[in-house]
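Participant: Fold the following.
(one chain, ligands or ions: 1)
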Amino acid sequence: MQGKLIIFSAPSGAGKTTIVKHLLTKFPNLSFSISATTRELRGSETNEKDYYFISKEEFLHKVAHQEFVEFEEVYSGTFYGTLRSEIERIWNEGKHVIFDIDVEGGLRLKRKFEEDALAIFVQPPSLEVLKERLTGRGTDSEEKLQERFAKAEKELKYADKFDVILKNFDLETACAEAEQLVGTFLKG
Ligand code: 5GP
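Facilitator: Numbering: from 1, shown residues only. This next block holds a predicted model:
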């Protein structure tokens, strides 16, 4: 069967990963699209669960063989992409796919899957709060942080291109609203 697609996009640090994880506990018929990336694995992450961590050579080989539905050099020298096989794997399990993906990738998927996809932009309270959250993670070097800030500032301008803007000023409220949005879309 061809299932539906729920796309969560936002600047890094807006809280989309937390919201996506919450939805996965609430909707057993949703499954997370595990992206491929060339970035290094962070502390608590697991290969083939959070991402398929692969080398740049392998990534570019997959690009050349058209294995990606979309891919991006999200940060300079670091690639992220959605594998066609990943969406098919999830649909073959009879489930719908949920994505945690950057803004450009999210819009590209929306354009491709149109009515079968719901594209949600997670809006943080402000750029300042976003910067605090990113700094608080303590996982990135100063240079990487600056790059993430610059990208976040640019991405905030894309909000109105999405089907829905979900404000994440308070996480509990945002999770409840996300549940409602997704529940309604999956029923439709
Ligand atoms: P992080 O390094 O913080 O895990 O992710 C950096 C950014 O890349 C986040 O905005 C994340 O949503 C995005 N991202 C993750 N997977 C993909 C993907 O498959 N394609 C695109 N375009 N962006 C992705």
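
Participant: send the alpha carbons of stretch 26-33 over as PDB?
Facilitator: Extracted as PDB, the C-alpha positions of stretch 26-33 are listed here (Å, rounded to 0.1, in the frame of the first residue of the first chain):
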ATOM      1  CA  LYS A  26       1.000   7.900  20.400                       C
ATOM      2  CA  PHE A  27       0.500   6.500  16.900                       C
ATOM      3  CA  PRO A  28       1.600   2.900  16.500                       C
ATOM      4  CA  ASN A  29       0.800   3.100  12.800                       C
ATOM      5  CA  LEU A  30       3.600   5.700  12.300                       C
ATOM      6  CA  SER A  31       7.200   4.800  11.600                       C
ATOM      7  CA  PHE A  32      10.200   7.100  11.600                       C
ATOM      8  CA  SER A  33      12.100   7.700   8.400                       C
END
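
Participant: Any buried residues in it, and which?
Facilitator: Neighbour-count burial for stretch 26-33 flags 27, 30, 31, 32, 33 (criterion: 16 or more other C-beta atoms under 10 Å). Where C-beta positions appear, they are placed from N, C-alpha and C, glycine not excepted.

Participant: So for the closest residue to the first one other than its chain neighbours, what pLDDT did the model give?
Facilitator: Spatial nearest neighbour of residue 27, excluding adjacent residues (C-beta to C-beta, 6 or more residues apart in numbering): residue 182 at 6.5 Å. Model confidence at residue 182, expressed as pLDDT, equals 98.

Participant: Tally up the residues packed near residue 182, please.
Facilitator: 22 (other C-beta atoms under 10 Å).

Participant: Would you agree it falls within a helix?
Facilitator: Yes: for residue 182, which was evaluated using DSSP: H, G, I helix; E, B strand; the rest coil, the result is membership in a helix.

Participant: give the contact list for residue 54.
Facilitator: With C-beta atoms under 8 Å, 6 or more residues apart in numbering as the criterion, the residues that contact residue 54 are 36, 37, 38, 62.

Participant: Apply 6 Å and report the result again.
Facilitator: Residue 54 makes contact with residue 36, according to C-beta atoms under 6 Å, 6 or more residues apart in numbering.

Participant: how near is it to the ligand?
Facilitator: When distances are taken as C-beta to the nearest ligand atom, to the nearest Å, residue 54 and the ligand turn out to be 12 Å apart.

Participant: How about residue 96?
Facilitator: Between residue 96 and the ligand the computed distance is 17 Å (C-beta to the nearest ligand atom).
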